[in-house]
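J.: I'd like to go over a predicted model; first the sequence, then the structure.
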Amino acid sequence: MLYNTLGKTGLEVSRLGFGTMRLPTFNSNDEIDTEEASKMLEYGIENGINLIDTAYPYHSKTLEGSGNSERFVGEFLAENNYRDEVYISTKSPSWAIESKNDFQMYLDEQLEKLQTDYIDIYLLHSLNVPDWEKVKNFDVLDFLDDCLSSGTVKHVGFSSHIEIDYLIEIIDEYPKWEVVMTQMNYFDEYYQSGIMGLEYLKEVNIGSMIMEPLRGGRLVNNIPQSVQDIWNMAEVKRTPVEWALQYLWNRDDVDCVLSGMTSLNQVKENIEIASKIDKISDYDCEIIREVARQYRSFVGNRCTRCGYCMPCPEGVDIINCLTEFNIANMLNDPKASAMQYFTLIDEDSRADSCIDCKKCIPFCSQMLNIPEELQRVYEYFGSEFDHF
């Protein structure tokens, strides 16, 4: 495993971090397959991963609910005496804060679930402009000062899906920020804070943690032939996962890439990639740019399957509706995708069940107008498979 210094924190972190948002589950998102997940974490730690990222709502039935990811991580680390071997990163649910006291309430609960006296990296979760203004009004900066002074938190930061101007504004308001988590991959160089955000973090020596390196798996699954044809022209032959991860690790402003792995094989594959230096040539850099241009030419929507929009109060399976629509556009094969859409998604969970209540919109990390996207899905597939 290779390691980087996480900005001004001084922490030497594995350049591959273990994201716990997509741990293997049974019948529902909150029911973690603890046996398989334990094998994954054990293998990861024993092979050099030393940063585990989780959050208050991960593996919860609702975004507001207390998830099982933190609880599982805490139990696993305690039972296997790994706490001193890793850095724990978790997040305060900014959207759920309704009073000054809520900050400490959530932190106390998280410390208990994680079975630890301190959190190495504590982030304000998914900050947007309204939530930032709200938490400032509740004196969040005083709370962070107290956390740092007491030692219950070692380093503070935030995660965000915002534009570069707002990113800089938030960073400049608090000199004690040490870590920022942003979305980045070769498809998103100019999306949200993108490249400019990473360059600014490097300039002010704030550690960068990258989320969505594979854009929810879309950069490595169901690859269109036109994209594969471009990859085939590269000087060095790499797998889709290698292209996506090495693209990030070839940047000097990327400290840690978080991968939300769902199987032991994925952990092994990612660790193998993370453990070698693979310098991408100028020619192959242009290949990457051409692949990104090709994807942009037929992308259906920007959904990354993060799950923040779920569950829908009307029972719409938002994630899989948007995914099948995306795959149909990527593969230019609506009939094959329609078969998946109508067989994998229950009738009451399809796009036409959306009533346009708009409750999902504020939670979308990609800032999609989800009801409009679901209407596009409905118009594309229709309501009956016989349509095709």
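T.: In hand now; what should we look at?
J.: can you give me the helices for the stretch 251-388 of the chain?
T.: Under the criterion DSSP state H, counting those that start in this stretch, helices of the stretch 251-388 of the chain are mapped to 264-274, 282-296, 318-331, 334-344, 370-381.
J.: I'd like those as CSV, with distance to residue 118, mean neighbour count and mean pLDDT appended.
T.: Just so you know, the C-beta spots here come from the backbone N, C-alpha and C atoms, and that holds for glycine as well. Listed next are these as CSV, based on distance: least, Cβ to Cβ, whole Å; neighbours: other Cβ atoms under 10 Å; pLDDT from 0 to 100:
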stretch, distance to residue 118, mean neighbour count, mean pLDDT
helix 264-274, 26, 18, 97
helix 282-296, 40, 16, 93
helix 318-331, 34, 22, 82
helix 334-344, 43, 16, 72
helix 370-381, 38, 19, 93
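J.: how about JSON lines for those helices, with distance to residue 88 added?
T.: Converted to JSON lines, the helices of the stretch 251-388 of the chain look like this (distance: least, Cβ to Cβ, whole Å):
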{"stretch": "helix 264-274", "distance to residue 88": "18"}
{"stretch": "helix 282-296", "distance to residue 88": "33"}
{"stretch": "helix 318-331", "distance to residue 88": "27"}
{"stretch": "helix 334-344", "distance to residue 88": "35"}
{"stretch": "helix 370-381", "distance to residue 88": "32"}
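J.: tell me which of these sits nearest to residue 54.
T.: Closest to residue 54 of the helices of the stretch 251-388 of the chain is helix 264-274 (Cβ to Cβ; 15.8 Å).
J.: who are the packing partners of the closest one?
T.: On a contact count with 3 or more Cβ pairs under 8 Å, 6 or more residues apart in numbering; DSSP states H and E, helix 264-274 meets strand 16-19, helix 34-46, helix 240-249, strand 256-259.
J.: quick check: angle from it to helix 240-249?
T.: Following axes from the mean of the first three to the mean of the last three Cα atoms, to 10 degrees, one obtains 40 degrees for the angle between helix 264-274 and helix 240-249.
J.: can you list contacts of helix 264-274?
T.: Identification of contacts with helix 264-274 by Cβ atoms under 8 Å, 6 or more residues apart in numbering yields 1-2, 14-16, 18, 36, 39-40, 43-44, 47-49, 241-242, 245-246, 249, 257, 259, 261.
J.: same thing but 7 Å
T.: 1-2, 15-16, 36, 39-40, 43-44, 47-48, 241-242, 245-246, 259, 261 (Cβ atoms under 7 Å, 6 or more residues apart in numbering).
J.: alright, I will stop here.
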